[in-house]
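Visitor: build the 3D model from these lines:
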Amino acid sequence: MKKKNKLIKIVYIQAIILIFAALTSTLLSCGAVTNENPVRTTVEKGTEVIVEITEGSNLTQIANLLEKKGVVDNAFTFRLYVQQQGKEKNLLPGSYKLLTGSGYEDVLEIITAGEKQIIYKLMIPEGFTLNQIKQRILSAIPFIEERELEEAFNINNLSGYDFIRDKDSLEGFLFPKTYDVTLEYDARNILEMMLAQYQIETNSLDWSFADEKGFDHYDILKISSLIEREAYIPVERPLIAAVIYNRLKIDMPLQIDAAIRYALNKWDGIVTYDDLEIDSPYNTYKFTGLPPTPICNPGLAAIKAALEPADVQYLYYVVIDEKTHEHKFSNTFEEHVNATNQ
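Guide: Numbers count the residues shown, from 1 in each chain. Sure thing, here's the model as predicted:
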């Protein structure tokens with residue numbers, strides 16, 4: 001009797017195993033564990049997410065995390081797929097950049113290959129203002145928070161850079177370039193990287209012209225920012241630089257629209273007569289001399305133009321081609337009026 005019960009028990013266990021195997025086979029054959037499953041989450045497919053797999057995480061924990069992030073559609077079937085591939089012991093800890101709605105094969109290939117350094121590209125164009133740079137960082141670097149960034153942009157929180165000492169703003173000092181940002185960076189690291197780049201780029205320049213004319217480095221940076229925003233055609237940079245210096249020499253208002261735009265934060269549309277009435281130290285129609293700070297963060301070409309202006313007597317320029325932004329340069333007001341009316 002005991003022998004018969006034992007036999008029945010063995011048969012029962014074998015039946016359970018066969019049923020589970022059949023269920024697994026059915027799931028696999030029906031496409032439940034495939035590379036083309038739809039995402040059953042509210043996350044849009046193809047969205048980039050960071051998945052942190054910690055040391056000691058098992059397959060169940062990893063599968064649940066991937067489902068929570070929307071990378072895989074179903075934790076249970078992903079686990080079955082991994083087990084089917086014999087990769088359960090090959091999942092490696094690390095930070096992974098994955099896409100929501102990914103196929104199981106793609107996910108498994110990544111998390112068994114090991115952690116690769118995740119790099120975000122931060123592209124800062126020439127002529128961006130501080131506000132534009134803030135928005136670019138927030139949009140390009142998903143792990144940087146706005147409050148953290150605002151704190152980093154406080155110039156009083158930065159030290160070790162003599163060229164920003166006694167300055168009220170970082171405007172002009174964040175060098176435009178494409179930077180590589182990794183997960184180890186915080187907001188302050190990003191700004192320090194840009195400040196260091198400014199120092200590298202400007203240290204090798206010839207500052208003799210500025211020294212001879214009595215302009216300090218900050219004056220040159222202000223002039224460079226005006227050139228950056230006014231010149232669209234590279235050959236015109238030294239010509240616009242010359243106009244600025246010629247006007248400063250005779251204490252003539254610079255009358256640069258870009259400075260008005262900076263004061264108004266108005267970078268599109270035309271500058272109106274009402275705009276010219278703004279009571280601001282950046283109103284270079286009302287006040288002579290340079291604005292109190294740069295009006296943007298200029299690139300190297302604009303800085304070089306400020307240090308090497310053209311040897312011309314121009315005092316005026318006006319746009320003569322709205323598509324190319326080509327300017328007509330003039331020595332006298334009469335010539336300027338004629339160029340404006342053409």
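
Visitor: distance of the residue nearest to Ile118 when sequence neighbours are not counted relative to Lys121?
Guide: In this structure, Ile118 finds its nearest non-sequential neighbour in Lys97, 4.9 Å apart by CB to CB, 6 or more residues apart in numbering. C-beta coordinates here come from the backbone N, C-alpha and C atoms, glycine included. Using CB to CB, to the nearest Å, Lys97 is found at 13 Å from Lys121.

Visitor: number of residues surrounding Lys177?
Guide: 17 (other CB atoms under 10 Å).

Visitor: who's in contact with it?
Guide: 124, 194, 197 (CB atoms under 8 Å, 6 or more residues apart in numbering).

Visitor: where does the last one land in three-state SS?
Guide: Okay, so that is Gln197. Assigned by DSSP: H, G, I helix; E, B strand; the rest coil, the conformation of Gln197 is helix.

Visitor: I'd say Leu307 and Thr202 touch.
Guide: No - because the distance of 9.7 Å does not satisfy CB atoms under 8 Å, Leu307 is recorded as not touching Thr202.

Visitor: could you list the low-pLDDT ranges of this structure?
Guide: Under the criterion pLDDT under 70, the flagged ranges of the chain are 1-43.

Visitor: nearest residue to the middle of it?
Guide: For the chain, the residue nearest the mean C-alpha position is Leu122 (3.4 Å; CA atoms, centre = their mean).

Visitor: that one and Thr182 touch, don't they?
Guide: No - Leu122 sits out of contact with Thr182 when judged by CB under 8 Å, with a separation of 10.9 Å.

Visitor: for the residue nearest to the centre of the chain, name its beta-bridge partners.
Guide: Tyr179 (DSSP bridges).

Visitor: contact partners for it?
Guide: Counting by CB under 8 Å, 6+ apart, Leu122 touches 136-137, 140-141, 178-181, 190.

Visitor: tell me how many other residues surround the residue lying closest to Phe143 once chain neighbours are set aside.
Guide: Leaving out its chain neighbours, the residue that sits closest to Phe143 by CB to CB, 6+ apart is Leu183, at 6.7 Å. For Leu183, the count of nearby residues is 14 (other CB under 10 Å).

Visitor: now the strands for this structure?
Guide: 48-53, 94-99, 119-123, 178-182, 316-321, 326-330 (DSSP state E).

Visitor: domain parsing for this structure?
Guide: 31-113, 119-203, 208-341 (automatic domain parsing).

Visitor: gap between the longest one and the chain center?
Guide: Relative to the centre of its chain, domain 208-341 is centred 27 Å away, using CA atoms, centre = their mean, to the nearest Å.

Visitor: now the shortest one
Guide: A distance of 28 Å separates the C-alpha centroid of domain 31-113 from that of its chain, computed with CA atoms, centre = their mean.

Visitor: tally of neighbours for Ala113?
Guide: Applying other CB under 10 Å, I find that Ala113 has 12 neighbouring residues.

Visitor: so Tyr217 versus Ser169, what's the distance?
Guide: You called it Tyr, but residue 217 is His. Per CB to CB, His217 is found 15 Å from Ser169.

Visitor: can you list the buried residues in stretch 271-284?
Guide: 275, 280, 282-284 (16 or more other CB atoms under 10 Å).

Visitor: and those residues, which is closest to Cys296?
Guide: Tyr282 (11.7 Å; CB to CB).

Visitor: could you find the closest non-adjacent residue to Ala187?
Guide: Spatial nearest neighbour of Ala187, excluding adjacent residues (CB to CB, 6+ apart): Ala152 at 3.8 Å.

Visitor: surely that neighbour meets Arg188?
Guide: Yes - at 4.5 Å, Ala152 counts as touching Arg188 under the criterion of CB under 8 Å.

Visitor: and His325, how many neighbours does it have?
Guide: Using other CB under 10 Å, His325 is surrounded by 13 other residues.

Visitor: got it, and Asp216?
Guide: Asp216: 11 neighbours (other CB under 10 Å).

Visitor: that one: what's it in contact with?
Guide: Ala210.

Visitor: ok, Gly56 next?
Guide: Pro93.

Visitor: against Leu91, how distant is it?
Guide: Gly56 is 11 Å from Leu91, where distance means CB to CB.

Visitor: with Ala241 instead?
Guide: 59 Å.

Visitor: what about these two, which has more around it?
Guide: Comparing Ala241 with Leu91 by other CB under 10 Å, the one with more neighbours is Ala241, at 26 against 18.

Visitor: quick one: contacts for the more buried one?
Guide: With CB under 8 Å, 6+ apart, Ala241 has these contacts: 223, 227, 305-306, 308-310.

Visitor: buried ones among these?
Guide: 223, 227, 305-306, 309-310.

Visitor: hmm, Glu88 is touching Val82, no?
Guide: Yes - with contact defined as CB under 8 Å, Glu88 reaches Val82; the gap is 5.6 Å.

Visitor: neighbour count winner among the two?
Guide: For Glu88 versus Val82, neighbours defined as other CB under 10 Å are more numerous around Val82 (23 against 13).
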